[in-house]
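*Asks:* Okay, here's the prediction I keep looking at, along with the sequence it came from:
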Amino acid sequence: MVMKVDLNSDMGEGFGPWRMGDDAALLDVITSANIACGFHAGDPDVMAETMRLAAKNGVGIGAHPGFADLKGFGRRRLNIGAEELGNMIAYQLGAAEGMARSVGANIRHFKLHGALANMCAEDATLAKTCYSAALRVNPEIILMVLAETAQQAVVQELGANWAGEIFADRAYEDDATLVDRSKAGAVLHDADMAAERILNMLREDAIIAESGKRIPAKIDTICLHGDTPEAVEMARALRTKLSAAGVTLTQF
C-alpha cells in the first residue's frame, strides 16, 4: 500500500472578476497546485494571486497549460499542428515560471489540462510534442502524467522526471483513460464515496476502472478538480480518510 501521496488540485482558473472554485480553502488542504496559465483560464493577476497564496501555504506550484479556448474552458478537442502546439506549451510554461519568480516562488511541476491532456493520454506522438516542448524550457521539471496511459509511456521514453497521477473525482475506462465527461457517471460528486475509492486504489496500488478492472499503477499524486462544487468537501474527506488509514499527504 502507498503510505505517502501527494494531493493536487487544478486552480487559478478565474478570469478577471469571474471566479472559479474556492482556491483559498483548497490550499489549506492540498499539497500541490496546478495553476492555469491564461489560455484555457486564468490571467496574470489570478496567476500571481494564486501562486502567492500557494507559496504562503507551503503548497507545491505547477504550470497547468491547455488549449487556447477560454469559452470552452479548454475541454474542447482542437486540431493543432506540432510546431504550434509546442510553441503554445513553451509560452504557457514560460509565463508560469516568470510569474512564479515575480512572487518569490518557483514552478516544480507541469500538468496538461482538459482536452489536451486526454488527447495526450491516447496519442503518444501528441504527448511527446507537449512534453518535449516543456523539457526544452525546463529540463528538470517534474511532469505529472495520467498513470498507465500514453502520457506515462512518453515521459519514461524521454527519461524525464515524472509523477503518476490518479483522479478522485473521475471515473476510469479499462485502458486507464478517463470516462468522457459527456457520459453519465464520468464525474464523481459523493465525497465519502470518492475518498473510500481512492483509499482502495492506494491499498491495491492500482487504478480501479468503472468496470471493476484493476490496472496496476505507480501512484504519486491524487487530483481533485477545483472547479467542481464539491471540491473542498472532497479534499477534506480525502485528507481525513487517508490520514486515518496511516497515509501521509506530502508533496511528491
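*Replies:* Received the coordinates, thanks.
*Asks:* CA atoms for contacts and neighbours, from now on please.
*Replies:* Fine.
*Asks:* in the sheet, who's paired with Leu178?
*Replies:* Following DSSP bridges, Leu178 is listed with bridge partners Tyr172.
*Asks:* For His40, see how far away it is.
*Replies:* Distance, Leu178 to His40, using CA to CA, to the nearest Å: 19 Å.
*Asks:* out of the two, which sits in the busier spot?
*Replies:* Legend: neighbour count by other CA atoms under 10 Å for Leu178 and His40, higher for His40 (24 against 20).
*Asks:* three-state assignment of that one?
*Replies:* Under DSSP: H, G, I helix; E, B strand; the rest coil, His40 falls in the coil class.
*Asks:* Met88 is in contact with that one, correct?
*Replies:* No: with contact defined as CA atoms under 8 Å, His40 and Met88 do not form a contacting pair (11.5 Å).
*Asks:* So which residues make contact with stretch 189-196?
*Replies:* Applying CA atoms under 8 Å, 6 or more residues apart in numbering, the contact partners of stretch 189-196 are Ala168, Asp169, Leu188, Glu230, Glu233, Met234, Ala235, Ala237, Leu238, Lys241, Leu242.
*Asks:* distance of the fourth one from His189?
*Replies:* Yep, that's Glu230 we're talking about. For Glu230 relative to His189 (CA to CA), the value is 6 Å.
*Asks:* quick one, helices of the stretch 151-252 of the chain?
*Replies:* For the stretch 151-252 of the chain, applying DSSP state H, counting those that start in this stretch gives helices covering 191-204, 231-244.
*Asks:* and of those helices, who's closest to Arg108?
*Replies:* Arg108 lies closest to helix 231-244 among the helices of the stretch 151-252 of the chain, at 21.2 Å (CA to CA).
*Asks:* on that earlier part again, output the contacts of stretch 189-196 in TSV; the columns should cover pLDDT, neighbour count and distance to Ile107.
*Replies:* Below are the contacts of stretch 189-196 laid out as TSV (pLDDT from 0 to 100; neighbours: other CA atoms under 10 Å; distance: CA to CA, whole Å):
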residue	pLDDT	neighbour count	distance to Ile107
Ala168	90	27	24
Asp169	85	25	25
Leu188	83	17	29
Glu230	77	17	27
Glu233	86	15	27
Met234	84	25	25
Ala235	89	28	22
Ala237	88	20	27
Leu238	88	28	25
Lys241	89	16	29
Leu242	91	21	27
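*Asks:* For Arg170, give me its contacts.
*Replies:* Leu178, Val179, Ala186, Val187, Leu188.
*Asks:* Find the nearest non-adjacent residue to it, please.
*Replies:* Among residues not flanking Arg170 along the chain, Val187 sits closest, at 4.7 Å (CA to CA, 6 or more residues apart in numbering).
*Asks:* And that neighbour, how close does it get to Asn87?
*Replies:* Distance of Val187 to Asn87, computed by CA to CA: 31 Å.
*Asks:* Tell me which of those two has more neighbours.
*Replies:* Neighbour tally, Val187 and Asn87, criterion other CA under 10 Å: the higher count belongs to Val187, 20 against 15.
*Asks:* Walking through the protein, point out its strands one by one.
*Replies:* 4-11, 32-36, 60-64, 109-110, 142-146, 162-167, 206-208, 214-216, 221-225, 248-249 (DSSP state E).
*Asks:* averaged over its residues, what pLDDT does the longest one have?
*Replies:* Strand 4-11 carries an average pLDDT of 95.
*Asks:* May I see the buried residues of it?
*Replies:* For strand 4-11, a neighbour-count test (16 or more other CA atoms under 10 Å) marks Lys4, Val5, Asp6, Leu7, Asn8, Ser9, Asp10, Met11 as buried.
*Asks:* would you list the residues you listed in TSV and tack on distance to Ala24?
*Replies:* Conversion of the buried residues of strand 4-11 to TSV gives the following (distance: CA to CA, whole Å):
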residue	distance to Ala24
Lys4	24
Val5	21
Asp6	18
Leu7	15
Asn8	14
Ser9	12
Asp10	12
Met11	10
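*Asks:* picking up where we left off before, any idea which of the strands of the chain scores lowest on pLDDT?
*Replies:* Of all those, the minimum mean pLDDT falls on strand 221-225 (a mean of 90).
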